[in-house]
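In: Would you be able to build a 3D model of this:
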Amino acid sequence: SAINIQIKKKDHEDGIKSLIAHSEVQECDVAAPSRSDCPSSSKDSRREFFKDKRLQIASDDDKNINGEDDRCAHHADEDKNYQNVQEKLVDEDGESFEEEGEFYPDKHMDRPLDFHDNPDSGKYILSHLPFVEKGNSDRHRNLKRRRSVFDDEGSSDEDSEIVKEDQIDEYKKLEVLALEIETTIASLEEDLAKTHKEKEEILLRNKLLTNALLELVEEKEIWVAKEKASFKFITEKVQISKSELSLFSNDISEVKHELESSREGCKAIRERLEFSEEKAEYESKCRWGIQMAAIISDFGHGMALSSVLICVFKATII
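Out: I've put the predicted structure just below:
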């Protein structure tokens, strides 16, 4: 119900406040371990104090969450595991640099849900998660701070020498790596220069090829224009020659007609010439007969002889 939820909320707020106070005490131990306001100056007493405090907070958390015995046993196992981890953090003399009073409530708060942690029953409040996450981040930050302090206090001269030797080795490795990088950079610069030179040569060739191609295109355009002009001129000449040929054919036909008419005229003239020749021959014969008759009359022949001759002459003509 709502009352149980409010009670659980109040209990969780109290637990968070105790966790904040616990982290403040841990910061006090880290900053000034010899101060008088801390619970105790010795490591054993502080360890026992924080162990008791941790167990108390774990038991309160178990009571607030569920209150069952199996959950308490689970937290006891977690505390034992935590103690074993702390015992492993020892220095060369065997002293334990345990993160005193460190407690991980996130093991209790942020563990996975089971059938006991049903939000509907009011035993698990999701609104407390931001507060728990904030406390966890603060505790992890304090843990790192304490570990850095313990590491600084427990470092020896041998460790510093080992660190220096490691640093020298790393420095040498870095120098070798730097030389390799410089050589690779030089080779890459040479390759880049070669590529730039090749690129310039290719660009020059491309420029020459483009110029030659443009010249070829211009020449092609000129030849195309010339071909068009010559084709036009040839077509015009063909048309003119065709018109002249038609005129010549007409003239030839006229000449043929004139030739035929001249042939007919020649034929008529030939006939006339033949007739005129025959007529002239006849006239010449008649003239010869007349002359003969006159000659005969002159010599005193008789009329009978002249008539006979005329008759003979006519007969020969017919």
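In: Now do Ser262 against Leu174, distance only.
Out: 126 Å (Cβ to Cβ, to the nearest Å). All C-beta atoms are positioned from the backbone trio N, CA, C, and that covers glycine.
In: Would you agree Glu201 falls within a helix?
Out: Yes. With DSSP: H, G, I helix; E, B strand; the rest coil as the criterion, Glu201 is part of a helix.
In: number of nearby residues for it?
Out: Glu201 has 10 neighbouring residues, counting by other Cβ atoms under 10 Å.
In: got it, and Thr235?
Out: 10.
In: go on, the one 4 residues further on?
Out: Residues contacting Gln239 under the criterion other Cβ under 10 Å number 10.
In: Let me know the pLDDT of it.
Out: For Gln239, the pLDDT comes out at 89.
In: In terms of helices and strands, where is it?
Out: Using DSSP states H and E, Gln239 sits in helix 157-299.
In: helices and strands around that helix, which ones?
Out: If you count contacts as 3 or more Cβ pairs under 8 Å, 6 or more residues apart in numbering; DSSP states H and E, helix 157-299 packs onto helix 303-317.
In: Tell me, please, the helix or strand in the chain that averages the lowest pLDDT.
Out: helix 106-109 (a mean of 44; mean pLDDT, DSSP states H and E).
In: Output the below-cut-off pLDDT ranges for the stretch 101-250 of the chain.
Out: In the predicted model, the stretch 101-250 of the chain carries pLDDT under 70 at residues 101-160.
In: Kindly recompute the last result at 50.
Out: 101-126, 128, 149-155 (pLDDT under 50).
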